[in-house]
Structure formats: structure tokens, C-alpha cells
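K.L.:
Show me how the following folds:
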Amino acid sequence: MKPTLVTGANGHLGNNICRQLVERGEQVRAMIRASADPAPLAGLDLEIVRGDIMDAASTQAATAGCGRVYHTAAAFVMWSTDPEREIIQPCRDGTRIVMEAAAKAGIDKVVYTSTTGTIGFSADPGTPADEGYRNNDPHTAYVRGKIAAEEEAFAVAERTKLAMSTIHPGLILGPRFFKVSESVKQIADFVNQGAPAYFDGGFDIVDVADVARCSLLAMDKGGDRERYIASGEHMTIKQVFETLAELTGLKAPTLRLPTPVLRVAAGLMEVGARVTGGRPMLDRQQVDEFVGKYSYFDSGKAERELGYTYLPARTVLARTVAWLVDRGFVEEKRKSALRLDPSLKGAY
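P.N.:
Okay, the predicted model is just below:
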């Protein structure tokens, strides 16, 4: 059996894909950057190769001799002073390099991890989007980069006749992260700092293990150049905070901030970030992308064609909080304020 390559293998989704592949007996080649910490892959029977998807030579070396590729590597970053170089280029150009290397290596099939952000967001919570939708008005550099990357993936697949499916996860939470991702950061910030207010909008909450499993299903059963939403249960921002409050004993915010107020506050945070060299808690692009929008999606196609299923949102949030607490992501001074729900014990 030829090895299966996973790019971004030390990431939240990447290491969970590796884990599931190893569990079902596949030979796995895990591609991580030269500076990356391999700790998320500790204890797994796999081959680690060092490389960078922005470097064609190391990417070609990683794909050589493989049969399948899961491309998860991307710059999952919401703030940068140079978004073109740090966010958009790694998404767009890195994806093109991976796809071209896969085609040159004679790879049987690629599963590319996109995002529901390329499908789009709606101001109407009653209209979940499906795979036929396109985001024609992206605001954040991350979503713009992922749209460009998806276009590259399809273009290379069409030109080279490389078999490919894409998956489009919702808000990925759940355990087995070894650094806090942009998605998990929202939960970690609430646990460590609380939240003074909430805003209108909502997300589909999906567990990383379900997204990893959908990736494997898309590889085995997915149609060529087909898109599959790997999403979960719909929750408003208010419901997320209320559920987190139940799980942690912390107070959920009751103050709702309207979009114009948030946009002004975000602009001030951006000014402060440029002065301090840090990152703002919120920036105006994020407000324009997410506030007042509903990231609600229909996973029906993946359910029908692949057999995809997903955990309830409360379970996903419980698994996320339990991992945060157990793995030292909660500040010591904050732990005394927690009154953890019994469901967190053994949640993952």
C-alpha cells in the first residue's frame, strides 16, 4: 500500500485525520514545516517529513510515492499587517503547489480542506446554504485566501485531470488541539476572560473528529470535483455563550451590541494593535464578515452521499472545554472561578 500524505499534519484537523488514518491501518506520511512542533503526532505510527507547501521542491519530495493526499495546510489567521503575504499567498499559492505536485506524482486523489466561508454567510438564519452557493462578497483575508485557493485547486484538477473532492467545515471545535486555533480561541477567551457582550449572528458548531471522518469519507466515496459541507448544529452567538455558561459555571453576557458600535470598537482596537504591535481582539473586516451573519449550512449532501454524521453542539462544546481545562489552556487564577458541569468528565 502506498503511503497517504497529510499536509498541515500537526494542525487541529491534520493531526485528527492522521489519527483516524493510522487507526484504520493506513501508512501515513505527515508533512509539517521545519519549525513545527511534532507533539500533536506523538505516539502515532507514521512517517514525519519536513517541508513547506510554499516550496515546490519539498512538496514534490513529500508527495513522491504516495497514493492519496489530504491537503489541510493553510494560514488560519484572522489578523495580519501584511495579509497578502502571510494569509492569502500561503492559501492560494500553497494549494496550487500541492495540487501540481500531486498531479506530477500520479496521486490517485486529493481531498482539499476548504471552508464554509467560501460558500458564504446569510443575514437570514432560516436559509441554510448548500454547496451550490458562492461567497461573492468576502471581507477577511482568510476567506479571500480560501476562495482563491479553492479556485486554484479546481483549476489544477481540471487541467491535469487529477481526481479531487473538497470539504467545507463549519466552526471546528473539539479536543486534540495543541495550540489554540482561531476557532477555539473564541471558547478559550470566554473561559479565561469571560465575555462582556454578544452580537447577533450564529455558527454551525462541528467537532474536529467529525470533520476528519468526513475527510476520509470524501476520499473513499466523494465524487470527482464535488464539494461537501462538513458542518454541524446551528447555534446563535447568544446560545453558544449560554451553553458555555452552563458547562463552566461562568456568567453568560446579557448585553447585545449592535453592528455599528462593534465596528467603531473594532477600529479603535486596530489602532491600538498597530501601536503595540499586538493583534486586536476584533477588527473591522471580521465585523463585516461575521457580525449579524449566520454561518448556517446544510450538510445533507455529505449525509446522503458519504454517510456523514455529526455530534450535537453541546457535546462539541463540552469536549472543547474539557480539553482546555485538562491540557493547561486555562489560566491558574481563573480555575477557581470555574464550576464545571459533570458532563465534562470523560467528555473526550
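
K.L.:
average pLDDT for the host helix or strand of residue 206?
P.N.:
Following DSSP states H and E, one finds residue 206 within strand 202-207. Taken as a whole, strand 202-207 has an average pLDDT of 97.

K.L.:
distance between the helix or strand following that strand and the chain's centre?
P.N.:
Tracing the chain C-terminally past strand 202-207 and defining elements by DSSP H and E, one meets helix 208-221 next. Its chain's C-alpha centre and that of helix 208-221 lie 14 Å apart, by C-alpha atoms, centre = their mean, to the nearest Å.

K.L.:
and what of stretch 127-138?
P.N.:
17 Å.

K.L.:
what do you get for stretch 35-50?
P.N.:
19 Å.

K.L.:
how about the helices of the stretch 51-200 of the chain, start to end?
P.N.:
Per DSSP state H, counting those that start in this stretch, the stretch 51-200 of the chain carries helices over the ranges 56-63, 83, 89-105, 141-160, 182-193.

K.L.:
separation between the nearest residue to residue 294 once chain neighbours are set aside and residue 199?
P.N.:
Distances taken as C-beta to C-beta, 6 or more residues apart in numbering put residue 125 closest to residue 294, at 4.3 Å, once the chain neighbours are dropped. For every residue, glycine as well, the C-beta is placed using N, CA and C. From residue 125 across to residue 199, the span is 14 Å (C-beta to C-beta, to the nearest Å).

K.L.:
So between the two, which is more surrounded?
P.N.:
Using other C-beta atoms under 10 Å, the more surrounded residue of residue 125 and residue 199 is residue 199, with 21 against 15.

K.L.:
Surely the more buried one touches residue 294?
P.N.:
No - at 11.9 Å, residue 199 does not count as touching residue 294 under the criterion of C-beta atoms under 8 Å.

K.L.:
quick revisit: least reliable of the helices of the stretch 51-200 of the chain by average pLDDT, please.
P.N.:
Ranked by mean pLDDT, the helices of the stretch 51-200 of the chain bottom out at helix 83, with a mean of 89.

K.L.:
ok, now which ones touch residue 211?
P.N.:
13, 16, 167, 169, 172, 230 (C-beta atoms under 8 Å, 6 or more residues apart in numbering).

K.L.:
hmm, back to that, and the helices of the stretch 51-200 of the chain as JSON lines, adding distance to residue 302 and mean neighbour count?
P.N.:
Compiled in JSON lines, the helices of the stretch 51-200 of the chain are given as follows (distance: least, C-beta to C-beta, whole Å; neighbours: other C-beta atoms under 10 Å):
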{"stretch": "helix 56-63", "distance to residue 302": "26", "mean neighbour count": "20"}
{"stretch": "helix 83", "distance to residue 302": "30", "mean neighbour count": "19"}
{"stretch": "helix 89-105", "distance to residue 302": "21", "mean neighbour count": "23"}
{"stretch": "helix 141-160", "distance to residue 302": "17", "mean neighbour count": "21"}
{"stretch": "helix 182-193", "distance to residue 302": "19", "mean neighbour count": "18"}
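
K.L.:
And those helices: which comes nearest residue 251?
P.N.:
For those, the distance to residue 251 is smallest for helix 182-193, at 10.1 Å, taking C-beta to C-beta.

K.L.:
So which elements touch that closest one?
P.N.:
The helices and strands touching helix 182-193, judged by 3 or more C-beta pairs under 8 Å, 6 or more residues apart in numbering; DSSP states H and E, are strand 171-173, helix 237-248, helix 313-326, helix 332-335.

K.L.:
Sheet partners, orientation included, of the first one?
P.N.:
This means strand 171-173. Looking at strand 171-173 with DSSP bridges, its partner strands are strand 202-207 (parallel).

K.L.:
Show me what the partner strand is in contact with.
P.N.:
By C-beta under 8 Å, 6+ apart, strand 202-207 touches 116, 125, 169-174, 230-237, 239-240, 294-297, 310-311, 313, 315-317, 319.

K.L.:
Show me just the buried residues among the residues you listed.
P.N.:
Among the contacts of strand 202-207, those classed as buried by 16 or more other C-beta atoms under 10 Å are 116, 169-174, 230-237, 239-240, 294-297, 310-311, 313, 315-317, 319.

K.L.:
Next up, the contacts around the residue nearest to residue 338 when sequence neighbours are not counted.
P.N.:
Excluding its sequence neighbours, the residue lying closest to residue 338 (C-beta to C-beta, 6+ apart) is residue 248, at 5.4 Å. Contacts for residue 248 (C-beta under 8 Å, 6+ apart) come out as 190-191, 321, 338-341.
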